[in-house]
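> give me a 3D structure for the following:
(one chain, ligands or ions: 2)
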Amino acid sequence: MLPPVPNPAEFGITSDYGFLSPELPLEVLPDPYYAEWEMIIGNLQPLLLSRRLQSIVDDLPILSVTHLQTEAEWRRAYVILVFILHGYVWGGNSPTEVPAHPIGSKSRCTDSSLKRVPPQLTVPLFEVCERLELPPVATYAGVCLWNYKPIFSDEPATNLDNLACLQTFTGSLDEQWFYLVSVAIEARGAPSIPVMLRAIKAARTGNSQIVTECLQRLAETIDETNTLLQRMHENCDPYVFYNRIRPYLAGSKNMSDAGLPNGLLYDDGHNPEYRQYGGGSNAQSSLIQFFDIVLGVEHRPTGTSRNDSEQGSEDSIKSRNSFIHDMRSYMPGPHRRFLEHIDSVANIRPFVEARRGDSALCIAYDACLAMLRVLRDKHINIVSRYIILQSRSARQPSQANPGPPAARNLATAAPTDKKKLRGTGGTALIPFLKQARDETGEPAIDAWARRLLSNGPAEKNFASLSKVGEQPDGHLEVVGLCGTWTAEENEGGICHW
Ligand code: HEM
Ligand SMILES: N[C@@H](CC(=O)c1ccccc1NC=O)C(=O)O
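Ligands and ions are numbered 1, 2, ... in the order given. The predicted structure is shown next:
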């Protein structure tokens with residue numbers, strides 16, 4: 001008996017909003033009991049600039065979560081508490097140094113106090129996280145999924161230019177844009193969820209035509225998310241991102257260089273406990289993991305390959321990429337369970353592989369892989385521009401004004417070797433991301449080329465293309481009726497004739 005295809009509505013997932021909340025995120029907690037939390041979050045930037053956040057938080061009462069009534073209020077409380085938490089930890093000079101407090105301020109931090117999360121945050125945050133099934137850290141859900149509003153209510157969330165953030169650390173457009181590109185991608189990808197559930201049901205009845213149509217729509221959707229991803233460059237400056245925004249997004253795992261060798265000391269007032277969590281990452285996007293799962297894209301532990309696991313006939317769990325799989329525990333509980341259900345019913349890849357003679361079906365499937373690979377190619381280019389290049393310039397000591405010692409954080413503590421650079425989620429970012437890209441499968445050149453050339457010069461119409469080889473620097477060489485061209489493989493298929 002096949003497991004039932006899950007109903008997204010049972011997991012709070014809708015075809016209009018996907019993994020975004022169907023009701024818009026709450027902009028303020030309605031109960032005045034939480035006025036002090038709202039005062040702090042509403043003044044986060046000036047409190048960070050004046051280095052007063054820590055003392056204000058240390059003077060807070062420990063508020064109870066019993067006044068939170070609706071799911072939207074629990075989510076708003078999570079957003080408030082994780083933004084304050086990350087501002088508290090990373091907003092000082094560094095997590096181990098005492099920030100400059102105005103003389104006479106009521107409370108002074110001790111040396112190690114900033115590795116410590118005080119009970120005013122730990123107690124309510126632990127209860128909110130238990131209710132939402134999230135870790136006590138600023139996850140993708142906290143800074144993206146539940147942190148936006150439409151500017152004009154009659155325009156869709158898919159319109160990136162109609163979105164605004166509810167909270168940021170820096171108050172900058174760059175930071176808003178960084179989160180909102182992901183929000184728009186989630187909205188744009190939402191309709192593909194019911195489409196692919198329909199494909200899974202059609203595959204169960206052997207209906208190739210329906211599966212093909214659904215895959216064609218999925219390929220278009222992923223292509224549209226790629227267009228949105230590319231817009232990151234419009235309003236998020238790499239220097240601002242790397243040096244002003246990204247330090248706040250860090251987690252507390254593998255963060256010895258940034259002053260957190262044991263992680264953070266979460267003090268609930270009775271039993272202080274060191275804990276280590278990865279920081280936020282789009283690896284926590286349920287939508288992108290949904291694309292992988294429905295297409296049968298499998299990610300392995302970085303540095304291993306399909307051959308490694310086949311030799312040992314490893315069971316699929318052990319051969320899975322632990323980071324990508326672990327990131328499900330950083331997703332809201334219902335979204336995590338939905339992906340687990342999809343895992344148990346995903347059948348498209350074997351359906352296609354059993355019908356290699358059905359060219360329309362295979363081309364549609366390959367087109368999805370090609371678009372998902374383009375997404376990862378574009379993403380690697382973004383990571384290069386926003387992290388790797390910035391990490392190099394951040395290490396150039398400025399002779400002009402050496403100034404005070406730089407704060408120790410994710411930016412200033414970055415290793416010199418790019419291969420050791422880590423993402424906020426905790427991965428060795430380049431090896432991990434390139435492997436994830438390579439595991440997205442080699443699309444059939446024909447489907448890939450046809451899709452690319454459909455936007456290309458009209459006079460070039462290829463009956464078919466075939467790969468004739470690969471140049472030393474990774475360029476693909478394909479030959480078609482109108483000549484030979486090489487595609488900048490790592491630029492996501494921009495063709496050079
Ligand atoms: C300035 C923008 C961005 C930077 C610097 C960036 C950086 C990174 C890094 C370093 C990782 C490795 C995991 C980690 O340690 O966090 C990662 C993972 C990932 N990012 Fe981004 N990211 C950005 C925006 C986005 C956006 C907008 C998307 C939306 C599609 C996205 C999709 C992913 C996915 C899906 C992963 C998991 C790896 C994979 O499945 O290929 N990222 N990102
Ligand atoms: N992994 C990225 C940061 C990142 O993408 C991210 C971090 C926290 C919350 C959300 C994120 N992604 C998009 O909004 C980095 O290492 O810079």
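> Ser322 touches Pro301, doesn't it?
Yes. Assessed by CB atoms under 8 Å, Ser322 is found in contact with Pro301 at 5.9 Å. To be clear about C-beta, it is placed using only N, CA and C from the backbone, and glycine gets the same treatment.
> pull out the buried residues from stretch 267-282.
Asp267, Asp268, Arg275, Gln276, Tyr277, Gly278, Gly279, Gly280, Ser281, Asn282 (16 or more other CB atoms under 10 Å).
> could I get the pLDDT score of the nearest residue to Asn254 once chain neighbours are set aside?
Spatially, and ignoring its direct neighbours in sequence, Asn254 is nearest to Gly426 (5.3 Å; CB to CB, 6 or more residues apart in numbering). At Gly426, the model reports a pLDDT of 80.
> kindly report the same for Thr170.
We have a pLDDT of 97 for Thr170.
> show me what contacts Ala72?
Contact criterion CB atoms under 8 Å, 6 or more residues apart in numbering gives Ser21, Glu23, Pro25, Leu26 as the residues in contact with Ala72.
> buried ones among those?
Buried by 16+ other CB under 10 Å: Ser21, Pro25, Leu26, out of these.
> I figured the second one was touching Leu166, is that so?
Yes. Distance between Pro25 and Leu166: 6.2 Å, which falls inside the contact criterion (CB under 8 Å).
> can you list residues touching both of those two?
Both Pro25 and Leu166 are contacted by Val79, Asn147, Tyr148, Lys149, under the criterion CB under 8 Å, 6+ apart.
> what about the closest residue to Asp16 other than its chain neighbours, neighbour count?
Leaving aside its sequence neighbours, Asp16 sits nearest to Ala190 (CB to CB, 6+ apart; 6.2 Å). Around Ala190 sit 22 other residues, with neighbours defined as other CB atoms under 10 Å.
> ok, Ala190 to Met196 distance?
Between Ala190 and Met196 the distance is 12 Å, computed by CB to CB, to the nearest Å.
> returning to what we had before: name the nearest of the buried residues of stretch 267-282 relative to Met327.
Top of the list for closeness to Met327, among those and by CB to CB, is Ser281 at 6.8 Å.
> give the contact list for the closest one.
The neighbours of Ser281, taking CB under 8 Å, 6+ apart as the test, are Tyr140, Met327, Tyr330, Gly423, Thr424, Gly425.
> got it, and Leu369?
Contact criterion CB under 8 Å, 6+ apart gives Leu295, Val297, Thr440, Gly441, Pro443 as the residues in contact with Leu369.
> kindly report the same for Phe19.
Each residue near Phe19 by CB under 8 Å, 6+ apart is listed here: Ile13, Leu145, Glu186, Ala190, Ser285, Ser286, Leu287, His335.
> likewise Ile84?
Ile84 makes contact with Trp37, Ile40, Ile41, Leu44, Leu53, Val57, Leu121 under the criterion CB under 8 Å, 6+ apart.
> 10 Å - rerun?
Ile84 is in contact with 37, 40-41, 44, 47, 53, 56-57, 60, 91, 120-121, 125, 138, 167, counting by CB atoms under 10 Å, 6 or more residues apart in numbering.
> closest to ligand 2 out of the shared contacts of Pro25 and Leu166?
Nearest to ligand 2 among those: Asn147, at 9.4 Å, using CB to the nearest ligand atom.
> flag every residue of this structure that's near ligand 1.
Among all residues of the chain, those adjacent to ligand 1 (criterion: CB under 6 Å from any ligand atom) are 178, 181-182, 185, 229, 232, 241, 281-283, 285, 288, 324, 376, 379, 382-383, 386-387, 423-427, 429, 432-433, 436.
> one step back: inside helices: which ones of the contacts of Ser281?
When DSSP state H is applied, those are split such that Tyr140 fall in helices.
> want to throw the contacts of Ser281 into a markdown table with distance to ligand 2?
Conversion of those to a markdown table gives the following (distance: CB to the nearest ligand atom, whole Å):
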| residue | distance to ligand 2 |
| --- | --- |
| Tyr140 | 5 |
| Met327 | 10 |
| Tyr330 | 10 |
| Gly423 | 3 |
| Thr424 | 4 |
| Gly425 | 5 |
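> in the chain, what residue is nearest ligand 2?
Counting by CB to the nearest ligand atom, the chain gets nearest to ligand 2 through Gly280 (2.4 Å).
> touching, that residue and Leu85? I think so.
No. Under the criterion of CB atoms under 10 Å, Gly280 makes no contact with Leu85, lying 12.0 Å away.
> what's the overlap in contacts for the two?
Shared contacts of Gly280 and Leu85, defined by CB under 10 Å, 6+ apart, are found at Val137, Ala138, Gly142.
> which of those lies closest to Thr158?
Closest approach to Thr158 among the shared contacts of Gly280 and Leu85 (CB to CB): Gly142, at 21.5 Å.
> next one: that closest one from Pro3, what distance?
The value you get for Gly142 to Pro3, if CB to CB is used, is 31 Å.
> between those two, point out the one with more neighbours.
Set side by side, Gly142 and Pro3 give different neighbour counts by other CB under 10 Å, the larger being at Gly142 (26 against 9).
> and that one, which of the three is it?
Taken by DSSP: H, G, I helix; E, B strand; the rest coil, the conformation at Gly142 corresponds to helix.
> wait, it touches Tyr148, no?
No. The pair Gly142 and Tyr148 does not pass the contact test of CB under 10 Å, sitting 11.7 Å apart.
> joint contacts of those two?
By CB under 10 Å, 6+ apart, Gly142 and Tyr148 have these common neighbours: Gln167.
> strands of the stretch 151-300 of the chain, residue ranges please.
Using DSSP state E, counting those that start in this stretch, the strands of the stretch 151-300 of the chain run over residues 163-165, 264-266, 273-275.
> looking at those strands, which is nearest to Glu133?
Between Glu133 and the strands of the stretch 151-300 of the chain, the shortest gap by CB to CB is with strand 273-275, which sits at 16.2 Å.
> so, low pLDDT: which residues of the stretch 301-450 of the chain?
306-319, 395-408, 416, 442-450 (pLDDT under 70).
> can you map out the helices along it?
Secondary structure of the stretch 301-450 of the chain by DSSP state H, counting those that start in this stretch: the helices cover 306-311, 316-319, 322-326, 333-345, 348-353, 359-383, 389-394, 429-438, 445-454.
> mind exporting the fifth one as CSV, just the C-alpha atoms?
Which is helix 348-353. These are the backbone C-alpha positions of helix 348-353, laid out as CSV (Å, rounded to 0.1, in the frame of the first residue of the first chain):
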residue,chain,number,x,y,z
ILE,A,348,9.1,11.2,-10.6
ARG,A,349,12.7,10.2,-11.2
PRO,A,350,12.1,6.4,-11.5
PHE,A,351,8.9,7.2,-13.6
VAL,A,352,11.1,9.1,-16.1
GLU,A,353,14.0,6.7,-16.0
